[in-house]
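> predicted structure and sequence below. I'll ask about it afterward.
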Amino acid sequence: SSGGDPNTSAPPSADAAGGLEKTQLKIATLPAIDSAAIYVAIDQGLFEKEGLEVTPQVVQAAPEAIPMLVKGEIDAMFGNYVSMFAAHDKQALKLRILAEGSRAAPDSLSIMALPDSPIKTPKDLEGKTINVNVLHNFQELALTQVLKANNVDPATIKYVQVTFQNIMPSWKGGQIDAAYLGEPMVTAATATMGARKILDPASGPAAEFPISGYVGTQEWYDENPKTAAAFQRAIHNAGKLMANNREVVAKVLPNFTQIDAATAATVTFPYFSSNDNPVRLQRVADWMLEAKWLTKAIDVKTLMSPTTSG
Amino acid sequence: MYGGGTPNAHHAIEGLNLSVAEGELLCIVGPSGCGKSTLLRSIAGLITPTGGQVKVEGNLVRQTPDNLAVVFQDYSRSLFPWMSVADNVALPLRRKNMDKRQRREAAQEALESVGLEGAGRKYPFQLSGGMQQRVAIARALAYRPTLMLMDEPFGSVDAQTREDLEDLVLKVRGHHQMTIVLITHDIDESVYVGDRVVVLSKAPAHVVGDLKVDLPAPRDQISTREHPDFVHLRAEVGRLVRGHATV
Amino acid sequence: MYGGGTPNAHHAIEGLNLSVAEGELLCIVGPSGCGKSTLLRSIAGLITPTGGQVKVEGNLVRQTPDNLAVVFQDYSRSLFPWMSVADNVALPLRRKNMDKRQRREAAQEALESVGLEGAGRKYPFQLSGGMQQRVAIARALAYRPTLMLMDEPFGSVDAQTREDLEDLVLKVRGHHQMTIVLITHDIDESVYVGDRVVVLSKAPAHVVGDLKVDLPAPRDQISTREHPDFVHLRAEVGRLVRGHATV
Amino acid sequence: MSAQTLSPVRPASPATRWSRRAAGALAFAALIELLSRTGLADPEFLPPASEIVVRAVTLLADSAFQAHALTSALAWAIGLCLAAVLAVPLGLLLGSVPIIDAATRSVVEFLRPIPSVALIPLVALVIGTGLQHRVALVVYASLWPILYNTMYGLRGVDPLAKESLRSYGFGPLSVLLRVSLPSSAPFILTGVRLAAGVALILTVSTEIVAGRGEGIGVFIFFAGIAVPARMTDILAGVFWVGLFGVAVNALLVWVERRAFRWHHEQLGERA
Amino acid sequence: MRTAVFRVLVLAGLIAVWEVATLLAASPFFPTPSTIVTRMHAMWFSGSPATLFLTDAAIGNILPSLGRMALGFAGGALAGVLLGLAIGLSARVYDYLDGVLQFLRAIPPPALVTVFLVVFGFGMRMQLAFIVFSIVWPVLLNTADGARSVEPLHLQTCQAFRLSRAERLLRVVVPSALPKMFAGLRLALSLSLIVMVFSELLPGTTNGIGFQLTDAYSTFDLPAMWAGIVLLGILGYLLNELFLVVERRVLAWHHAARDLVG
Ligand SMILES: Nc1ncnc2c1ncn2[C@@H]1O[C@H](COP(=O)(O)OP(=O)(O)OP(=O)(O)O)[C@@H](O)[C@H]1O
Ligand SMILES: Nc1ncnc2c1ncn2[C@@H]1O[C@H](COP(=O)(O)OP(=O)(O)OP(=O)(O)O)[C@@H](O)[C@H]1O
Ligand SMILES: [Mg+2]
Ligand SMILES: [Mg+2]
């Protein structure tokens, strides 16, 4: 009934360890469905097959893990691209994307209104207050594009920062007009409160919007290229497994999120990437530049490696 | 007034039976540690005797009686360090129906009477020991109590000032019908200012002597002290005290 | 020893010139607030005179001289409330080469000599005013200083105890070659215990009288006080004090 | 703990005093119960007190919760002890050597208001993220109450008491250790009591903010991010933290009364 | 005067060391003081003379923060003094409240954010409640301690002269508790600055130094984050100096009495 680090990793198999610079990896993850791939890879022995032993470390938000990454306490982290690109842009670290992680699936994110709310259509959102987890993050970035596509002026929206556990009370208390929810809250809000979906922020121009990935530093990558490749393969293989098998995901969710089996069966999962694609990631960087969240353009291709998994 | 108490934590006084008439000036002498200060605190209602009773004007003392003033033995600790000397003296006058100016004047007058006219604006810690003691006396005098309890009030002042203060107490008593209980170690003083001198034994205290002082009024530092009765009484008190000393 | 200082914040004493011979018992009398306590503090090196110098054994006093003991006028505040009476007395002995048992014994002995043999385990606030004062005296005596400064040390004890303590000081002085400076308001006392009596004027203090007391040793409470020289000296000091009183 | 206060009252018996305490606690619980049951506060976010307590008691048997609790208690204890060990000597130094106080005050007062939230990433960068991270933040925050109370305590020492010892030829250090320290000790202990609360808050808060590893704060964090949030679990965790605070305070008060009997008796207090 | 010069010298020396150390380290997480100051100037103090050189960002963030802090401090100090006096003076009140207050004191405010939100709603009210709740304890505990340790002879003097309860309270108990109260207030003052930042992380915050700080942090604008930290440090320092001036006035007697001996 309580959280903590799940220590489900299997011991490394001796045969596959050949040639890797490093076999024991510490990876910071988030307690969110998005980071399921790493747990599935552990659970299904995919890392083991590559000769890796991976220990996940749950952190609350990406900015906290960055100092750990810089200091070398962890080898890689699961972080959202907006934060990571910002950090790269401000030279807090030299970014290297090791493997793509999650992309927004239809209905995995949602702008919702309570049943008795006057908000019915996206247009009604103008001038309203909407929560985000952190200001200036991917939530805002995607919604801005989708609102524009829906002929709503994004500049009129007031964003307030509300931590995860306080979204429901602020929404019910009328402090926010519409809620920007992710899974599993979308499912829960629909089921328990009869909330209505107004808009899917991951639709239209923001369809399959890349959210988070596994990243490290350029230095680390230069020192451990083979390990990086092995890691990328394991994550991509996990992505493939998860693409058509909800069960493997549902099984690991209780290990690192507070989602119980019953909820796990009904929530909408994001897409878990099984290859790396610089084109769709470039979109994120470009939008950030447009929003002036970056000081200069980022060529995402130079930060990524080609996909090596079969 | 009957003081027959054994105060809370320490059995200081036992089987003590003592009464003071209205308007009387009673002096109490007795060996160090015998319970004089404790007795005074009982009279003031500051501690409740575990046995026995204290009556003031026929009423049982449960609380502090009205119109009472005390000069504590530990005068320096009884002054408030955050107030100027004048404010210290004026503070109790808030209980009287006096406006600010009247209080200030009364305080100033009392300070003058103890020879501290210039010290009103100083703080207690800026005064010498004897001056602090006189501030405590001034505070009690300014209050014009009907019952005044003084615990070794002149212990820290020089001989001349002491005599002046003795005469001041006598004068004030005459003007404002006051009952005074005065504890002193100075046998001459007890006889000189007292209408009656009570000598206590060492702890647990009981009365070993109760002498009426019938010296002619008004008393005078020269003539009274030469009076044969004075010399006699003083010797008598001395004998009683010495019979019960501690060392 | 020259005390000619104007201490820090307040110009208490000015143009005072005074010396004490080794082994002498000097009594200082003077009106309240004239600067006696301040003078004592200067001698003890507790305050630095703004002008003038203090010398002990020919050396300028900048710090507290060695082997000094002080009995403060405000004895109750000079005792440490967190220590038992015995510990209070034993504490300064840590400066001497004494082990724990020796210290305890010395403390017990000193307490006995002031009539407090039973009070060692009590805390200061559990004692009467006079008893606290005697603890302060015991602390100074136990230390066996070569220079002892006493500021109205017997102010709060009864007549009999006072006489006993006076004799105690005389006895101790005889046994352990000590220089003593004693401030008192009791003129008889100053003549009885002193080898010399210095009378100060009111503030700013200067010496108005410096009398050698040539009474036969050993002194005795009865015979000495009846000695014609005593009576004469006492009257002389009295006259000098009265000439400079405050009220 | 009644001083001889505004008016002298006979001290209440221990039984009366305990029943008063219980009454106070019950009234508080009843208030929460009422707020929740009447719907004045949404019961989903403020569950009734009875439910919280029941949940808290069942948690006690949960071994995972026990581990969380022990980790937090350890971080708390280490942090508080270090803070005390650092702050008391530092306070004595600053409180008795004005030149050092003057030299360091600007720096100290500059560092002091920097919130630990802002420091979390920087501290992580400098000393890493293990237990030492948590302990460092706890020490940083709980240092101040002890430091300030030590300095203010020293200032309140009766100068005559210091003079007494000085007159016997004791040096400044002896005066500091034998007079200033004991005389201000009761006030320093109040500082420690304050710091104990601050340390507890910081321990749990850092855990909540960091949201990883073990600790009551982590437990609370995870209960918070569940959907829907497990408010009963959060408040059950809070309940134990609060109770721990009460116990620590009671212990320190008890120590204070034993160690500083003179202080309380002198004030005319009765246990 | 000499100590002031001395203090400035120490400070200047430390800043120089800091500058050199950060130059050598060249870590983006630790910008040089000169970078930070430049950033502070650009962000907050490059406005027009009409607004005392404050920029819009300064007016929109620093002032609301200070307002919140001042209100929170005032509320917490008042509550702490009143409760502390009540507890320190009355055994009965003490008995009733002790358990509950000690319980509340131990509770980490972040765990209660949701409850605060439900009870107080978004924004100012909740932020103030949060600040007050966090800073009241040092004032309360120290005041209670002070009120309980009044010199017994002072109380007896009051009683002997039959001063009214109000007079005893105002003229004796409060002045004797003041030194300790001030120790608590000084702690609370620094704490209120810290908690002010915390309160600006609460749901629904839209401005403030803390808000800017976390925003800078989450977008990795490290010089801006450091600018916030340094600003807090400077504010803390100034507030403390101001506090000491007030304290020296109010406690003049106390300092004079204690400073007698060199
Ligand atoms: N708080 C206390 N606790 C225990 N015993 C005490 C306390 N206060 C006083 N006593 C004891 O009570 C006895 C009487 O004390 P009290 O102060 O009344 O004496 P006193 O006659 O005034 O003496 P003195 O002339 O020395 O002032 C003393 O033996 C003292 O030790
Ligand atoms: N801290 C101080 N600040 C200012 N003036 C002071 C201070 N302490 C003492 N004085 C003044 O210095 C003068 C001498 O004080 P001191 O205590 O030496 O007198 P004293 O001769 O011992 O008197 P007493 O016999 O009454 O004890 C007094 O007039 C007093 O007002
Ligand atoms: Mg007495
Ligand atoms: Mg004096």
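Now that the structure is in, tell me what you want to look at. Ligands and ions are numbered 1, 2, ... in the order given.
> ok, now how distant is D:Leu111 from E:Leu11?
Counting by CB to CB, to the nearest Å, the separation of D:Leu111 from E:Leu11 is 12 Å. Heads up, the C-betas are built off the backbone N, CA and C, glycines and all.
> all the helices of the stretch 1-150 of chain E, in order from the start?
E:2-25, E:33-44, E:56-89, E:91-106, E:113-120, E:124-148 (DSSP state H, counting those that start in this stretch).
> and chain A, is the shortest one touching that?
This points to helix E:113-120. Yes: interface with chain A: helix E:113-120 contributes E:Val113, E:Thr114, E:Leu117, E:Val118 (CB under 8 Å from any CB of the partner chain).
> so what's the third one up against?
Going by CB atoms under 8 Å, 6 or more residues apart in numbering or on different chains, E:Leu117 touches A:Asn166, A:Pro169, A:Ser170, A:Gly173, A:Gln175, D:Phe45, E:Met126, E:Leu202, E:Pro203.
> Three-state assignment for the residue lying closest to A:Asn151 once chain neighbours are set aside, please.
Excluding the flanking residues, the one nearest A:Asn151 by CB to CB, 6 or more residues apart in numbering or on different chains is A:Lys123, at 7.2 Å. Of the three states, A:Lys123 takes helix according to DSSP: H, G, I helix; E, B strand; the rest coil.
> among the helices of the stretch 1-150 of chain E, which is nearest D:Leu243?
helix E:91-106 (7.0 Å; CB to CB).
> elements contacting the closest one?
Applying 3 or more CB pairs under 8 Å, 6 or more residues apart in numbering or on different chains; DSSP states H and E, one finds that helix E:91-106 contacts helix D:14-37, helix D:181-210, helix D:231-259, helix E:56-89, helix E:124-148.
> and the helices of the stretch 1-150 of chain E, which is most packed in?
Highest mean neighbour count among these (mean count of other CB atoms under 10 Å in any protein chain shown): helix E:124-148, with a mean of 25.
> would that one count as contacting chain D?
Yes: with CB under 8 Å from any CB as the measure, helix E:124-148 is seen reaching chain D through E:Trp137, E:Pro138, E:Leu141, E:Asn142, E:Asp145, E:Ala147, E:Arg148.
> give me the pLDDT value at the residue lying closest to the fifth one once chain neighbours are set aside.
Nearest residue to E:Asp145 in three dimensions, chain neighbours excluded: D:Thr190, at 4.9 Å (CB to CB, 6+ apart). Note on D:Thr190: pLDDT of 90.
> how about D:Leu154?
So D:Leu154 comes in at 91 (pLDDT).
> cool, and E:Val132?
92.
> low-scoring stretches of chain B, by residue?
B:1-16, B:49-63, B:244-247 (pLDDT under 70).
> again, 80 this time
B:1-18, B:47-66, B:203-205, B:217, B:242-247 (pLDDT under 80).
> now for the residue in it positioned nearest to ligand 3: which residues touch it?
Going by CB to the ion, ligand 3 is nearest to B:Ser37 of chain B, at 3.1 Å. By CB under 8 Å, 6+ apart, the residues touching B:Ser37 are B:Gln73, B:Asp151, B:Ile183, C:Ser128, C:Gly129.
> how much space separates the fourth one from C:Ser84?
Look at C:Ser128 and C:Ser84: by CB to CB, they are 16 Å apart.
> same question, the third one
When CB to CB is the yardstick, B:Ile183 and C:Ser84 sit 27 Å from each other.
> between these two, which one's more packed in?
Set B:Ile183 next to C:Ser84 and count neighbours by other CB atoms under 10 Å in any protein chain shown: B:Ile183 wins out with 25 against 18.
> and that one, how close does it get to chain D?
According to CB to the nearest CB, to the nearest Å, B:Ile183 stands 21 Å off from chain D.
> contacting residues around that residue?
Here B:Ile183 is in contact with B:Cys27, B:Ile28, B:Val29, B:Lys36, B:Ser37, B:Leu40, B:Gln73, B:Met150, B:Asp151, B:Glu152 (CB under 8 Å, 6+ apart).
> specify which member of those is nearest to D:Val253.
D:Val253 has its nearest neighbour among the contacts of B:Ile183 in B:Ser37, at 31.7 Å by CB to CB.
> next one: phi and psi at that closest one?
The phi and psi values for B:Ser37, taken as degrees, to the nearest 10, are phi -60, psi -40.
> ok, now B:Glu24?
Torsion angles, degrees, to the nearest 10, at B:Glu24: phi -80, psi 150.
> cool, and A:Val160?
Dihedral angles (degrees, to the nearest 10) for A:Val160: phi -120, psi 150.
> that one against A:Lys128, yeah?
No: the criterion here is CB atoms under 8 Å, and A:Val160 misses it with A:Lys128 at 10.9 Å.
> can you name the residue of chain B nearest to ligand 2?
Using CB to the nearest ligand atom, the single residue of chain B nearest to ligand 2 is B:Gly130, 2.4 Å away.
> does that residue sit in a helix or strand, and which one?
Assigned by DSSP states H and E, B:Gly130 falls within helix B:129-142.
> distance from the chain centre to that helix, please.
12 Å (CA atoms, centre = their mean, to the nearest Å).
> wait, does that helix make contact with chain C?
Yes: Helix B:129-142 reaches chain C (CB under 8 Å from any CB) through B:Gly129, B:Gly130, B:Met131, B:Arg134.
> residues making contact with the helix or strand A:Ile167 falls within?
Per DSSP H and E: A:Ile167 is located in helix A:167-172. Here helix A:167-172 makes contact (CB under 8 Å, 6+ apart) with A:114, A:131, A:162, A:176, A:179, A:181, A:185, A:189, A:193, D:42, D:44-45, D:228-229, E:114, E:117-118, E:122, E:203-204.
> which residues of the chain score low on pLDDT?
All of this refers to chain A. In chain A, residues with pLDDT under 80: A:1-18, A:31, A:59-64, A:164-165, A:183-184, A:257-263, A:307-310.
> chain E was what I was after
For chain E (pLDDT under 80), the answer is E:1-4, E:7, E:26-29, E:47, E:52, E:118, E:121-123, E:201-205, E:217-220, E:255-262.
> what residue lies at the spatial centre of it?
E:Leu189 (1.9 Å; CA atoms, centre = their mean).
> that older thread, what's the closest of the helices and strands packed on helix E:91-106 to A:Leu141?
Judging the helices and strands packed on helix E:91-106 by CB to CB, what sits closest to A:Leu141 is helix E:56-89, at 22.6 Å.
> give me the residue from the stretch 101-250 of chain D nearest chain B.
Nearest residue of the stretch 101-250 of chain D to chain B, counting by CB to the nearest CB: D:Pro159, 8.9 Å away.
> is it true that that residue touches E:Arg258?
Yes: using CB under 8 Å, D:Pro159 makes contact with E:Arg258 at a distance of 6.1 Å.
> show me which residues of chain A are close to chain D?
Within chain A, the residues that sit near chain D (CB under 8 Å from any CB) are A:1-5, A:31, A:57-60, A:63-64, A:66-68, A:70-71, A:73, A:164-165, A:168-169, A:172-173, A:184-185, A:188, A:192, A:257-259, A:263.
> my bad, should have said chain B
Residues of chain B lying near chain D (CB under 8 Å from any CB): B:Leu46, B:Thr48.
> quick one, strands of chain B?
Per DSSP state E, chain B carries strands over the ranges B:25-29, B:55-56, B:59-60, B:68-71, B:147-151, B:179-183, B:196-200, B:207-212.
> among these, which is nearest C:Ala159?
Using CB to CB, the nearest of the strands of chain B to C:Ala159 is strand B:25-29, at 7.8 Å.
> report all helices and strands that that closest one contacts.
Checking 3+ CB pairs under 8 Å, 6+ apart, strand B:25-29 ends up next to helix B:159-175, strand B:179-183, helix B:187-193, strand B:196-200.
> that concludes my questions; thank you for your assistance.
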